[in-house]
Each structure stands twice: as structure tokens, then as C-alpha cells.
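S.K.: Dropping a prediction and its sequence here:
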Amino acid sequence: MNLIVDIGNSRLKAVLMDDGVVARRWVAEACGVEQLEELLVACPRVERAIVASTCAVDPAYAACLRRRADFVVDFDNRTPIPLRNGYGSPATLGADRLAAAVGGVTLWPGRNLFIVDFGSAITLDVVTADGVYRGGSISPGLAMRFRALHDYTGRLPLIGIEEYRDYREGTVPATTREAMAVGVIEGIVAEVGEWMRRYGRNHAGLVTIFTGGDAAFFEKRFKSTIFANHDLVLTGLNTILNYNAEQKNRL
């Protein structure tokens with residue numbers, strides 16, 4: 001089994017994968033090395049492990065994994081991947097975006113892919129059928145948009161998606177809280193839908209994949225075919241880990 005650790009902006013996720021299938025899962029609502037140590041107390045020793053972080057890289061994460069695995073990949077933009085990186089500034093590319101791209105190619109090889117990750121930020125990336133990561137756009141995520149409306153105005157409250165629950169599509173928002181909820185959520189839907197149309201015109205048979213913490217909410221808002229995979233980044237990291245282990249074995 002492989003141990004996969006994904007350190008995001010607000011949460012830490014770790015899974016054991018057996019032949020590409022999640023066998024065990026841990027989640028912590030904080031991203032410190034101490035949280036990782038606590039999560040992995042009951043983790044058995046494994047042959048391979050990988051860690052990726054959207055934050056500043058801390059070598060202590062990889063050190064933690066080396067006490068539990070024989071082969072460890074500390075994933076960053078210099079790590080070999082089974083995908084050509086066509087990004088113009090690879091040194092600034094987030095590990096989660098690249099791992100999601102590899103995950104998409106693992107599950108949908110030979111297809112044009114549009115990957116939308118609904119996390120702290122919303123990333124909208126394209127991978128072409130020839131196996132090249134092309135890049136994409138980044139915009140504020142759901143919670144960040146709600147927080148910005150509250151923090152950068154004098155009177156608007158801090159709200160969440162619960163304010164949207166009773167909204168009926170096509171009606172005019174009649175309260176400030178509903179107006180904020182509809183503005184944020186329908187704004188995201190319109191944004192993602194427009195990028196889907198644009199990329200779909202230029203990339204035949206485009207496969208749209210939703211992932212990330214808020215994906216389950218937004219996948220219900222689209223009538224077109226959407227593939228939801230909440231473990232896309234973990235799948236990509238697992239593929240990258242196996243790829244690097246195989247490269248090492250060939251030496």
C-alpha cells in the first residue's frame with residue numbers, strides 16, 4: 001500500500017491506497033506537522049509514501065513519512081511526473097493543480113480535460129489529449145468570497161451557503177443575506193459555465209471534472225455532464241509516487 005498526504009490551505013488529508021483504491025482515510029482540520037504525526041500514529045509501515053503541500057514546504061513533513069516508509073517523495077515542481085508541464089511559470093504552480101492534472105489523466109487518458117477544483121481558491125485547468133498540462137485560471141473560492149464581502153464592507157454580514165438553501169431559481173433575491181448568497185453562488189456557476197463553453201469550443205470531447213471541498217454542492221448546479229471525483233488530487237499523487245518509484249527501480 002501507498003501512503004498519500006495532501007496538505008491544503010485549511011485541512012490535512014492522508015490516505016492509504018491499495019492498487020489505486022483508498023483503503024483508509026484520515027483528515028485533520030489543521031495543517032501542522034504535529035497533526036500529521038497524530039494522524040499517523042496507527043498507520044502501518046508502508047513501502048512508498050508521498051507528501052504535497054499548497055503552503056510553504058516544510059521538510060518535517062517528509063521526515064515524518066520517512067519514519068513510516070522505505071521510499072518517500074517530497075512532491076514539488078521539480079518532481080518527475082508522467083505528464084508534460086506546459087505551464088509558463090512552473091516554479092509558481094501549486095502542487096495541488098499539477099497533482100489533479102495527473103489524476104485526471106490517470107482516470108481519463110487520451111482525453112481533453114477541464115478540471116475544476118472548488119477549494120479555498122477555485123482553479124480551472126486544462127489538460128489536452130496529447131498529455132500536456134496547459135494551465136488555467138484561479139479565482140477566489142466560496143468561503144473567500146463570502147469573507148471578502150464581510151471584511152471589505154461596513155455593514156454586510158458574514159454568511160455561508162445555508163442562506164442559499166431556500167432560494168428558488170429565477171426569482172429576485174429579496175433580502176440582503178439572500179442577495180449575497182445568490183450573488184456569490186450564481187456568480188461562481190456563471191464563471192465556471194462560461195469557461196466550460198469557451199474551452200469546449202476549442203477542445204473536442206472536453207471532459208469536465210469537479211473536485212475539491214465544495215464540489216458536491218456545485219455539481220448539482222450544472223445540467224451538462226460533470227464527472228465528480230473528490231479524490232482526484234490523491235489519485236494524481238498516487239500515480240506520481242508509483243512513477244517515481246518505478247523510475248528509481250530502473251536505475
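M.R.: Arrived safely, thanks for sending.

S.K.: Report the buried residues of the helix-or-strand element of the chain with minimal mean pLDDT.
M.R.: Least confident element among the helices and strands of the chain, by mean pLDDT, DSSP states H and E: helix 33-39 (a mean of 84). By 16 or more other C-beta atoms under 10 Å, the buried positions in helix 33-39 come out as Gln35, Leu36, Leu39. Just so you know, the C-beta spots here come from the backbone N, C-alpha and C atoms, and that holds for glycine as well.

S.K.: where's the closest residue to the last one other than its chain neighbours, which helix or strand?
M.R.: Which is Leu39. Leaving aside its chain neighbours, Leu39 sits nearest to Trp26 (4.2 Å; criterion: C-beta to C-beta, 6 or more residues apart in numbering). Using DSSP states H and E, the element containing Trp26 is strand 21-28.

S.K.: Do me a favour and get the end-to-end distance for stretch 133-151?
M.R.: Taking C-alpha to C-alpha, to the nearest Å as the measure, stretch 133-151 stretches 35 Å from start to finish.

S.K.: cool, stretch 70-86 as well?
M.R.: End-to-end distance for stretch 70-86: 32 Å, by C-alpha to C-alpha.

S.K.: how distant is that stretch from the center of its chain?
M.R.: Stretch 70-86 has its average C-alpha position 16 Å from the chain's average C-alpha position, going by C-alpha atoms, centre = their mean, to the nearest Å.

S.K.: what's the burial count for the residue nearest to Ser120 when sequence neighbours are not counted?
M.R.: Leaving aside its chain neighbours, Ser120 sits nearest to Asn9 (4.2 Å; criterion: C-beta to C-beta, 6+ apart). Look at Asn9: counted by other C-beta atoms under 10 Å, it has 15 neighbours.

S.K.: in the strand holding Trp26, what's buried?
M.R.: Here strand 21-28 shows Trp26, Ala28 as buried, counting by 16+ other C-beta under 10 Å.

S.K.: same for it, what does it pack against?
M.R.: Identification of packing neighbours for strand 21-28 by 3 or more C-beta pairs under 8 Å, 6 or more residues apart in numbering; DSSP states H and E yields strand 12-18, helix 33-39.

S.K.: Arg250 is nearest to which of the ones you listed?
M.R.: strand 12-18 (22.0 Å; C-beta to C-beta).

S.K.: one step back: ok but the residue nearest to Ser120 is inside a helix, no?
M.R.: No - under DSSP: H, G, I helix; E, B strand; the rest coil, Asn9 falls outside any helix and is assigned coil.

S.K.: low-scoring stretches of this structure, by residue?
M.R.: For the chain, the stretches with pLDDT under 70 are 56-57, 251.

S.K.: cutoff 80 now
M.R.: 9-10, 30-32, 55-58, 249-251 (pLDDT under 80).
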